[in-house]
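In: Requesting a structural model of the entry that follows:
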Amino acid sequence: MDKNITQDIKYIGVNDHDIDLFEGQYIVPNGMAYNSYVILDEKTAVIDTVDVRFADEWLNNVSVALNGRNPDYLIVQHMEPDHAGCIDGFMKAYPEAKIAASAKAFAMIEQFYGETYADRRIVAGEGDTLPLGKHTLTFITAPMVHWPEVIVTYDSYDKVLFSADAFGKFGALDTEEEWDCEARRYYIGIVGKYGAQVQRLLQKATQLDIQKICPTHGPILTENLEHYINLYDIWSSYRPESEGVMIAYTSVYGHTKAAVELLASKLTAKGCPKVVVTDLAREDMAEAVEDAFRYGKLVLATTTYNADIFPFMRAFIEHLTERGYQNRTVAFIENGSWAPVAAKTMAGMLANSKNITYANTTVKLLSALNDESRRQIEELADELTAV
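Out: Numbering: from 1, shown residues only. So this is what the prediction gives:
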């Protein structure tokens, strides 16, 4: 990517292709980017650091961008170690620099590094400003997007929002891939629980004249910002993004799978705009959770297992409810050979989810498909495709 974001703002981040699981759980086939920036003015400010594994590369990037100057400020927007891993190294390399962060961030800095930087700290609160020359930075608090100490930073001269983890995505910057898919998976997996807090940040952001968004992961957004902001509004208000039906299932001996495949074929035949079928035991759980939030209708199909439900289905529903799953239509397919309780169990797990509309038809398999369960599948397909 172009290292020059504007005449005065330079990109100094790094790409990580060594990582296999981000946060120890999210598959990242195209790696990750840890973004960091420097603003060159009468005074200079570095915004965020990177993972400590890339300390030498990043400190070299800082030095090259500064071209012999010393940084005046380090701005810490978020204390997660993939962004704050080099704070101590930076402060030792540049002993005259001051550090600007929220009060809660300074508490975490002491926890991570055993340092308070008492004589070098600038506590940044809502609306506080930091003049650099022609650039003036305004700090905006963004608690729980997605940690409590988060601030974002607005540069009124170049009209740039440094957005911390908001508007981030999986994937290194030297790979080409669609933004929406990996940003959606990133948002729902990592930030999705905090929709109300994201909404509050969006309300603040809409009061600003923003021409560029510089997140801590993923590409700098410079065109069609309405597209990205609209998606964030949809995701954080828990509205369906696309029309369609997701069918998430587990199957032990293939009978539940057969019922799912029959339903999928009938939905397609009846004109359903999109049908996504996911085997929860074999496919990436984060992708499955992403699709559940993407589409407006969800079918959960599983077996009764140990007087409960199959473990992968239980884990899937827990992922949904943890992230505030709501405003959707949900239907059930249950299977059991002697005492089926799957539908009741799944409904119970969703009991606290808001604005869930349950389909009138629940498909009940007693071991395998029969004429009655096929009729129920037809009925459910009609219900899910009704206008």
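In: Now do the contacts for Pro273.
Out: Applying CB atoms under 8 Å, 6 or more residues apart in numbering to Pro273 gives the contacts 242-244. C-beta: built from backbone N, CA, C; applies to glycine.
In: Please spell out the ChimeraX selection for the buried subset of those.
Out: Buried members of these, identified by 16 or more other CB atoms under 10 Å, are gathered into one ChimeraX selection as follows:
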select :244
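In: so of the contacts of Pro273, which ones are in helices?
Out: Secondary structure of the contacts of Pro273 is defined by DSSP state H; no position falls in helices.
In: Mind checking which of the contacts of Pro273 land in strands?
Out: With strands defined by DSSP state E, the entries of these inside them are 242-244.
In: before we move on, back to that, just the contacts of Pro273 now: which is nearest Ala124?
Out: Of all the contacts of Pro273, the one sitting nearest Ala124 is Ser242; the distance, using CB to CB, is 38.4 Å.
In: so the closest one touches Phe293, yeah?
Out: No - using CB atoms under 8 Å, Ser242 is not in contact with Phe293; the gap is 10.2 Å.
In: that older thread, adding distance to Asp20 and pLDDT, write the ones in strands among the contacts of Pro273 out as TSV.
Out: Formatted as TSV, these follow (distance: CB to CB, whole Å; pLDDT from 0 to 100):
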residue	distance to Asp20	pLDDT
Ser242	29	96
Glu243	34	95
Gly244	30	97
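In: mind putting those residues in TSV, distance to Arg53 included?
Out: Rendered in TSV, the data for those read as follows (distance: CB to CB, whole Å):
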residue	distance to Arg53
Ser242	37
Glu243	43
Gly244	40
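In: Return the set of buried residues in stretch 322-342.
Out: In terms of neighbour count (16+ other CB under 10 Å), stretch 322-342 has its buried residues at 323-336, 340, 342.
In: make that stretch 154-172, sorry
Out: For stretch 154-172, a neighbour-count test (16+ other CB under 10 Å) marks 154-155, 157-158, 160-172 as buried.
In: which regions of this protein lie under the pLDDT threshold?
Out: Applying pLDDT under 70 to the chain flags residues 1-2, 387.
In: Tell me where the stretch 101-250 of the chain has strands.
Out: According to DSSP state E, counting those that start in this stretch, the stretch 101-250 of the chain carries its strands in the segments 121-123, 129-131, 136-141, 151-155, 160-162, 212-214, 242-249.
In: Ok, which of these comes nearest Thr278?
Out: Distance to Thr278, taken as CB to CB, is lowest for strand 242-249 among those, at 5.0 Å.
In: by contact count, what packs against the helix or strand that the closest one is followed by?
Out: Next helix or strand after strand 242-249 toward the C-terminus (DSSP states H and E): helix 255-269. Contact here means 3 or more CB pairs under 8 Å, 6 or more residues apart in numbering; DSSP states H and E; on that basis helix 255-269 packs against strand 242-249, strand 275-279, strand 295-305, strand 328-335, strand 363-365, helix 371-385.
In: roughly how far is helix 255-269 from the heart of the chain?
Out: 31 Å (CA atoms, centre = their mean, to the nearest Å).
In: could you give the angle of that helix to helix 371-385?
Out: Using axes from the mean of the first three to the mean of the last three CA atoms, to 10 degrees, the direction of helix 255-269 lies 40 degrees away from that of helix 371-385.
In: And the contacts of helix 255-269?
Out: Contacts of helix 255-269 with the rest of the structure, by CB under 8 Å, 6+ apart, involve 245, 247, 249-251, 275, 277, 279, 299, 301-303, 333, 335, 363, 365, 367-369, 373-374, 377-378, 380-381, 384-385.
In: Got a ChimeraX select line for the buried ones in the residues you listed?
Out: Remark: buried members of these, expressed as a ChimeraX selection using 16+ other CB under 10 Å:
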select :245,247,249,250,251,275,277,299,301,302,303,333,335,363,365,369,373,377,378,380,381,384,385
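In: ok, Trp235 to Ser367 distance?
Out: Between Trp235 and Ser367 the computed distance is 40 Å (CB to CB, to the nearest Å).
In: before we move on, what about Ala166?
Out: Shown here: Ala166 relative to Ser367, a distance of 49 Å by CB to CB.
In: got it, and Ala103?
Out: Distance check for Ala103 against Ser367: by CB to CB, it reads 61 Å.
In: Could I get the contacting residues of the residue lying closest to Thr49 once chain neighbours are set aside?
Out: Nearest-residue entry for Thr49: Cys86, 3.7 Å, with adjacent residues in sequence omitted and distances by CB to CB, 6 or more residues apart in numbering. Taking CB under 8 Å, 6+ apart as the definition of contact, the neighbours of Cys86 are 49-52, 54-55, 58-59.
In: tell me the domain ranges of this structure?
Out: 9-236, 242-385 (automatic domain parsing).
In: Adding distance to Lys3, write those out as TSV.
Out: As requested, those are exported to TSV (distance: least, CB to CB, whole Å):
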stretch	distance to Lys3
domain 9-236	5
domain 242-385	31
